[in-house]
Structures are given as structure tokens and as C-alpha cells.
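In: the sequence and its predicted three-dimensional model are supplied below.
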Amino acid sequence: MNGKNIILGVTGGIAVYKSADLCSKLVSAGFDVRVVMTANALRLISDRIFLTLSKHPVLTDLFSGLQPRPEHVDLAEWADLLVVAPATANFLGKYATGIADDALTTAALTFRGPVLLAPAMNENMWNSPIVQDNLAKIVEKLGVRTVGPDTGHLACGTSGKGRMAEPADILEAVKKTFSA
Ligand SMILES: Cc1cc2nc3c(=O)[nH]c(=O)nc-3n(C[C@H](O)[C@H](O)[C@H](O)COP(=O)(O)O)c2cc1C
């Protein structure tokens with residue numbers, strides 16, 4: 001998979017710890033990975049993990065760049081694929097309604113290539129008709145693909161649907177995108 005560029009979007013879901021493994025697996029598979037994190041993801045995990053694993057600076061602030069061209073535009077043009085893992089209910093809602101109020105949502109709206117989302121949330125959130133409507137709209141309008149969520153133990157202590165797909169399964173879905 002040399003020569004393929006991936007934006008890995010990381011949002012503020014408890015499954016962020018699995019995103020670090022995903023980042024490592026993508027890099028090991030030969031992808032060039034640039035990570036974009038939301039402010040809430042940063043409250044759960046350090047950007048330094050992704051800096052080290054991706055070997056690139058992590059974009060966390062839409063307005064931090066000093067270069068004349070906005071970084072999210074450069075990133076969106078550089079990437080062959082956008083993967084958002086985990087994709088929170090909040091991210092799905094913003095993406096579905098065109099809200100672009102941080103680096104990730106702005107890059108997502110700017111990006112014109114294939115998108116793979118790995119939703120992850122509490123089962124009640126996942127079953128909310130609002131969340132399902134948002135996801136259906138994203139899939140229908142933008143043709144994005146999803147992987148998971150899986151069923152099993154959830155961080156809130158219950159069992160049900162909402163677990164982020166395993167990093168190995170997301171990697172397989174990524175490879176499938178490029179082989180299709
Ligand atoms: C400890 C913790 C874990 C959370 N896990 C999730 C989650 O798995 N999925 C989700 O949709 N929201 C989760 N949330 C809520 C999100 O962090 C919240 O909706 C936030 O606005 C998401 O922002 P972002 O999408 O910009 O990262 C969690 C919140 C906390 C405090």
C-alpha cells in the first residue's frame with residue numbers, strides 16, 4: 001500500500017485507545033497517515049501518541065498553522081482516503097449537517113475522496129433515530145462506507161451494539177477500499 005495517503009480522524013469517544021493501534025497498523029501496512037484530532041479526543045488521549053506512531057505532526061487546531069494555505073485544504077488534497085475512528089455521535093451529526101467548526105469536520109467537508117467511518121458509542125446513542133438518520137444521510141448523500149459498530153462489552157458497563165470495530169477489521173476495510 002505504498003504511496004497511499006490516509007487522514008485518520010480521531011474524535012472524543014472512549015475507543016480512542018484503539019485508534020492508536022489502528023494508526024500503528026496503518027503505518028505498518030505502508031500507508032502514509034496524517035492524524036487530525038478533535039478537542040474532545042485530546043481530553044481522552046495525547047496527540048503525542050499519534051505524532052510518534054504516524055511520524056507526522058498531528059492537526060488539532062484549525063487556526064494553528066502559519067503557512068498561507070490552510071492546512072485542512074492541503075490535507076484534503078493530499079489524502080486518498082479519510083478514516084474516522086472512532087466516529088462519535090457528535091461527529092456524525094456535524095458531518096450530516098455540514099457543520100465545520102474544527103479541523104476534522106472542516107477537512108471532512110473539504111475532502112472529495114472515499115470516506116470510511118467507524119462509529120462507536122453507547123448503545124442507546126447508537127439506537128437513537130437521530131443518529132441513525134444522520135448516518136443514513138451521510139451514506140446516501142456522500143456514499144461513505146462504515147465498518148462496525150460491533151456488539152459486545154461497552155465501556156459504560158453494559159453489553160450491546162456500539163463497540164468500535166477492531167483495528168484489524170478497520171485495516172481490512174481500508175485495504176478493500178483501495179483494491180475495489
Ligand atoms: C469518558 C467519555 C467517553 C465518551 N465516549 C463516547 C463514545 O464512545 N461515543 C460518543 O459518541 N461519544 C462519547 N462521549 C461523548 C463525546 O465526547 C461528546 O459527545 C463530544 O462532544 C464529542 O466531541 P467530538 O465529536 O468533537 O470529538 C464520551 C464522553 C466521555 C466523557
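Out: Perfect, I can see it now. Numbers count the residues shown, from 1 in each chain.

In: state the helix or strand in which the residue of the chain most remote from its centre lies.
Out: For the chain, the largest distance from the centre (C-alpha atoms, centre = their mean) belongs to Pro68, which lies 26.0 Å off. Using DSSP states H and E, Pro68 is not contained in any helix or strand.

In: residues contacting the residue positioned nearest the centre of the chain?
Out: For the chain, Val84 is the residue whose C-alpha lies nearest the centre (C-alpha atoms, centre = their mean; 1.1 Å). Each residue near Val84 by C-beta atoms under 8 Å, 6 or more residues apart in numbering is listed here: 8-11, 91, 104, 108, 115-118. Quick note: C-beta positions are derived from backbone N, CA and C, even for glycine.

In: from those residues, list the buried ones, please.
Out: Applying a neighbour-count criterion of 16 or more other C-beta atoms under 10 Å, the buried members of the contacts of Val84 are 8-11, 91, 104, 108, 115-118.

In: among the residues you listed, which are in strands?
Out: Per DSSP state E, strands hold the following members of the buried ones among the contacts of Val84: 8-10, 115-118.

In: contacting the ligand as well, which ones from these?
Out: Applying C-beta under 6 Å from any ligand atom, the subset of these adjacent to the ligand is empty.

In: turn the residues you listed into JSON lines, including pLDDT.
Out: Formatted as JSON lines, those follow (pLDDT from 0 to 100):
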{"residue": "Leu8", "pLDDT": "98"}
{"residue": "Gly9", "pLDDT": "98"}
{"residue": "Val10", "pLDDT": "98"}
{"residue": "Val115", "pLDDT": "98"}
{"residue": "Leu116", "pLDDT": "98"}
{"residue": "Leu117", "pLDDT": "98"}
{"residue": "Ala118", "pLDDT": "98"}
